[in-house]
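Novice: need coordinates for the below:
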Amino acid sequence: MARISDTSSYPLTTPAGSDYLIGTDVNDSDKTKTFSVDSLAAYVLGSGSAYVVPVYTSATAIGQSIISQDAAVGTLITVAGSLTINADANLGTLLSSNEGTLTLDLARDLVAQTVRIGSLDTDTLEIEATTILQGPMKDSTNTLGSVGEVLTSDASGFVTWQTPATGTVTSVAVDGGVTGFTTIGGPITSSGTITLATLGGSAGQVLNLDPVTPWQNSILTPSLNGTNVVLVTQPSDLPTTLVANTTYLVRGQITIPGGSEITVSSGNAIIGLNRDLDGLIYTGTSRLITVTDQDFTMRNLSLKVTDPAGLILSATNIDAADPTNNYQRTKVLDFDHLKIQNSTNVWRVAGFELVDLNNCLFWYIVDGSTGCYFEDVRHLEISSCEFYNWFEEGNPANLDTYRQIEIGPGSVGISNGVININSSIIHPEITQDGLYVDPASTTGFGTIASNTFTDTNLTTGVLLDLDYNAQNTFIIQANQGVANSNATGIMQIANNVIESNNSAAVGPPYDVVVQDSTFVGGAGPTGGIQFPVATRVLTSTATGSFTYNSKIDASFSVMLTANILVPANGTFVVSMSLRKNAVTLFTITQEHRNSGGVFEPKQVSLPVLGTTTFGDVFDVVVGIDSAQNVVISDLYLTGYQI
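Specialist: Here you go, the predicted model:
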């Protein structure tokens, strides 16, 4: 057998795991046995996982450690446990990497050691994440701070614990610009008091930004012009009798209970800043506000009463026994930008020199009986208001009979001077009336114009309940939903065979007025004189006339058409005239030639334009040039105010 060193007999080769080795098995009587290279490697190295660093698990065996990397040629090393550093270590490379995390657990073995990161001379430590300090902090002198001390930097940037200095704030910069009052660069606290050093002042005064002088020289006293201003934020801020010459500024919704009703004094106003936010709610059964012979203003408020017996306002300024000063109607009610919503009733107003409603909203009125009632008002102005949805909000089925706007009869002998209702929306529903003018009321001059009357969901109620003939001082024009108030009249004779008694007249010409008495027999024409249309005119069959019944001077257009025959042979000239107050306005004539007993009617037409005033009487005259009767078989007279 050759020597093992004889490489010619035993050539050198790189061992593989499947190659064989010969050895002695001491556990089997020293027998010679064969081993594989793989079995020897397993015996020496033991078992492990890929990419895990090996470690001696005993004096003669190797196993896997808690240190691993992410690949054969890895970029990330993981320690699956604690890392103890027992000597100085350079962690610069590790800390500069943004791909790894270094955790220093000072609760473990490092607690007795010093961890130093970087060099004071060359390095900078940047901490960008949330920093949590769970232990005490020492300053640059290795000293712990005491209670209340703060870290203070010196000129070199080193910090030490120091007791903070104390003092008093003696001034705070302020800015009083148009955007409001603010402090600049001063201490801000959650509570406390800022005292404003002004040149004086007393309770109730407010600061005002003067356009010239600074804040501290701009104290405005609300009573400077004879009027005080009182802020109302609770019911007790409104006395039962308002203080004279005082404006009450309401902020928020203020509930006024029964027993706290308000009586207005001289020079009072109740106002808000926003009618959707500021208002009065009355829960009593009487009148929230009573005004007697006083001027009074309400503006930018919401108002409502909750009890069916309650009323928002009762206002009176009239003395029916004293005709001086228009029956002492000298005061003014000024209501602007009000919102009356979810209220049972609204108000009753009698008298006053002027009652002015502008931009007011009246809706969701229910469970009451009184809308906006007025009587004997010298001047009533309702402009750009809305009367709408008078039922329970959210429940249209709960709807009561109301007159949304009512002009009452008033006192005997006293009239409404001027009423002007314009540019408003009026929408009654079911049985409600939109605008009601009592036939017994009188008005000097009335105008109802450019309003929208809406009849949606209206059944037996009416949009405008006004007798055009009785209330003949009103101009009613250009309203949606209601007819204009132009005077209109039609007089008609149809299929008549009864002669007019012209032969009994004194002539020539032999003229007769077309009326009942001038027809043969004195009972009028066949079927009588008819007036199928008569608005703002008074009619009479006895006199065959229209009387203009409007207090408004106007122009008119008339068309007069008739069929006339002469029941006799011969040549005749027949005329027809329109008269005003027995004075002929226009006349038209035509010639009739009859022979052989054939009498054919001829048509005559007369268009007329003219002017008229209250009380003018219009009638028609038919004439002939000889003492001969005529027959007006048909006549149609139409008159219309322009």
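Novice: so what's Leu560 bridging to?
Specialist: Leu606, Leu637 (DSSP bridges).
Novice: next, the contact list for it, please.
Specialist: Going by CB atoms under 8 Å, 6 or more residues apart in numbering, Leu560 touches Met576, Leu578, Ser605, Leu606, Pro607, Val608, Val620, Leu635, Tyr636, Leu637. Glycine gets a C-beta too; all of them are placed from N, C-alpha and C.
Novice: now it: how far from Ile498?
Specialist: Look at Leu560 and Ile498: by CB to CB, to the nearest Å, they are 20 Å apart.
Novice: just after the helix or strand bottoming out on mean pLDDT in the chain, pick out the following helix or strand.
Specialist: Every helix and strand of the chain was ranked by mean pLDDT, DSSP states H and E. The lowest is strand 219-220, at a mean of 40. Per DSSP states H and E, the first helix or strand lying C-terminal to strand 219-220 is strand 228-232.
Novice: quick one: contacts of whichever helix or strand comes after that next one?
Specialist: Where DSSP H and E defines the elements, the next helix or strand beyond strand 228-232 is strand 246-250. Under the criterion CB under 8 Å, 6+ apart, residues 222, 227-232, 237-238, 242, 265, 267-273, 278-280, 301 lie in contact with strand 246-250.
Novice: now the helices for the stretch 1-150 of the chain?
Specialist: Taking DSSP state H, counting those that start in this stretch, the helices of the stretch 1-150 of the chain run over residues 37-45, 92-96.
Novice: now the weakest link among those, please, by mean pLDDT.
Specialist: Sorting the helices of the stretch 1-150 of the chain by mean pLDDT places helix 92-96 lowest, at a mean of 45.
Novice: quick check: next helix or strand after it?
Specialist: strand 150-153.
Novice: which helices and strands does that following strand pack with?
Specialist: Applying 3 or more CB pairs under 8 Å, 6 or more residues apart in numbering; DSSP states H and E, one finds that strand 150-153 contacts strand 159-162.
Novice: what pLDDT, on average, does the strand it packs on get?
Specialist: Across strand 159-162, the average pLDDT comes to 88.
Novice: please point out which parts of that strand sit buried.
Specialist: Under the neighbour-count criterion of 16 or more other CB atoms under 10 Å, strand 159-162 has Thr160, Trp161 buried.
Novice: next: stretch 377-387.
Specialist: For stretch 377-387, a neighbour-count test (16+ other CB under 10 Å) marks Val377, Arg378, His379, Leu380, Glu381, Ile382, Ser383, Cys385, Glu386, Phe387 as buried.
Novice: element containing the fourth one, please.
Specialist: Here Leu380, judged by DSSP H and E, is contained in strand 379-383.
Novice: what pairs with whatever helix or strand comes next after that strand, and is each one parallel or antiparallel?
Specialist: Using DSSP H and E, the helix or strand that follows strand 379-383 towards the C-terminus is strand 386-388. In the sheet containing strand 386-388, its partner strands are strand 361-365 (parallel), strand 425-426 (parallel), by DSSP bridges.
Novice: now render the ones you listed as JSON lines, adding mean neighbour count.
Specialist: Shown next, in JSON lines, are these (neighbours: other CB atoms under 10 Å):
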{"stretch": "strand 361-365", "mean neighbour count": "21"}
{"stretch": "strand 425-426", "mean neighbour count": "22"}
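Novice: SS state for the residue positioned nearest the centre of the chain?
Specialist: In the chain, the centroid-proximal residue (CA atoms, centre = their mean) is Asp276; its distance is 7.7 Å. What DSSP: H, G, I helix; E, B strand; the rest coil gives for Asp276 is coil.
Novice: so it touches Ser302, yeah?
Specialist: Yes. Here Asp276 reaches Ser302: they are 7.0 Å apart, a contact under CB atoms under 8 Å.
Novice: so what sits against both of the two?
Specialist: Both Asp276 and Ser302 are contacted by Lys339, under the criterion CB under 8 Å, 6+ apart.
Novice: which ones are touching the residue lying closest to Thr452 once chain neighbours are set aside?
Specialist: Closest residue to Thr452 apart from its sequence neighbours, by CB to CB, 6 or more residues apart in numbering: Gln480 at 4.4 Å. Applying CB under 8 Å, 6+ apart to Gln480 gives the contacts Asn451, Thr452, Phe453, Thr454.
Novice: make CSV from the strands paired with strand 386-388 and add mean pLDDT and distance to Leu144 to it.
Specialist: Shown next, in CSV, are these (pLDDT from 0 to 100; distance: least, CB to CB, whole Å):
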stretch, mean pLDDT, distance to Leu144
strand 361-365, 97, 71
strand 425-426, 98, 79
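Novice: state the number of residues packed around Ser8.
Specialist: When neighbours are defined as other CB atoms under 10 Å, Ser8 has 6 of them.
Novice: now do the contacts for it.
Specialist: Applying CB under 8 Å, 6+ apart to Ser8 gives no contacts.
Novice: how much space separates it from Tyr20?
Specialist: Per CB to CB, Ser8 is found 21 Å from Tyr20.
Novice: could you save the contacts of Leu560 as a markdown table and add columns showing neighbour count?
Specialist: Putting these into a markdown table (neighbours: other CB under 10 Å) gives the following:
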| residue | neighbour count |
| --- | --- |
| Met576 | 25 |
| Leu578 | 21 |
| Ser605 | 11 |
| Leu606 | 18 |
| Pro607 | 12 |
| Val608 | 18 |
| Val620 | 24 |
| Leu635 | 24 |
| Tyr636 | 15 |
| Leu637 | 25 |
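Novice: would you mind giving the contacts of Gln480 as JSON lines with pLDDT, distance to Ala554 and neighbour count added?
Specialist: Putting the contacts of Gln480 into JSON lines (pLDDT from 0 to 100; distance: CB to CB, whole Å; neighbours: other CB atoms under 10 Å) gives the following:
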{"residue": "Asn451", "pLDDT": "98", "distance to Ala554": "21", "neighbour count": "26"}
{"residue": "Thr452", "pLDDT": "98", "distance to Ala554": "25", "neighbour count": "15"}
{"residue": "Phe453", "pLDDT": "98", "distance to Ala554": "23", "neighbour count": "21"}
{"residue": "Thr454", "pLDDT": "97", "distance to Ala554": "29", "neighbour count": "18"}
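Novice: quick one: the strands in the stretch 401-550 of the chain?
Specialist: Taking DSSP state E, counting those that start in this stretch, the strands of the stretch 401-550 of the chain run over residues 403-407, 416-422, 425-426, 433-437, 443-449, 452-453, 464-465, 474-477, 488-493, 499-500, 512-513, 530-535, 537-540, 545-548.
Novice: to Thr130, which of those lies closest?
Specialist: Closest approach to Thr130 among the strands of the stretch 401-550 of the chain (CB to CB): strand 425-426, 61.8 Å.
Novice: helix, strand or coil: sort out Asn325 for me.
Specialist: Of the three states, Asn325 takes helix under three-state DSSP.
Novice: pull the number of nearby residues for it.
Specialist: By other CB under 10 Å, the residues close to Asn325 number 11.
Novice: contact partners for the closest residue to Ile529 other than its chain neighbours?
Specialist: In space, and not counting its chain neighbours, Ile529 is closest to Thr541: 4.4 Å by CB to CB, 6+ apart. With contacts defined as CB under 8 Å, 6+ apart, Thr541 is in contact with Gln515, Asp516, Gly524, Gly528, Ile529, Phe531.
Novice: quick check: Thr541 vs Asn469, distance?
Specialist: 17 Å.
Novice: identify the residues contacting the residue nearest to Leu76 when sequence neighbours are not counted.
Specialist: Once flanking residues are discounted, Leu76 sits nearest to Asp70: 4.4 Å by CB to CB, 6+ apart. Asp70 sits next to Tyr51, Leu76, Thr78 when contact means CB under 8 Å, 6+ apart.
Novice: out of the residues you listed, which sit inside strands?
Specialist: Judged by DSSP state E, the contacts of Asp70 include Thr78 as members of strands.
Novice: closest to Ile493 among the contacts of Asp70?
Specialist: Lowest distance from Ile493 to the contacts of Asp70 (CB to CB) belongs to Leu76, with 118.4 Å.
Novice: surely the closest one and Tyr51 touch.
Specialist: No. Leu76 is beyond contact range of Tyr51, at 10.3 Å (criterion: CB under 8 Å).
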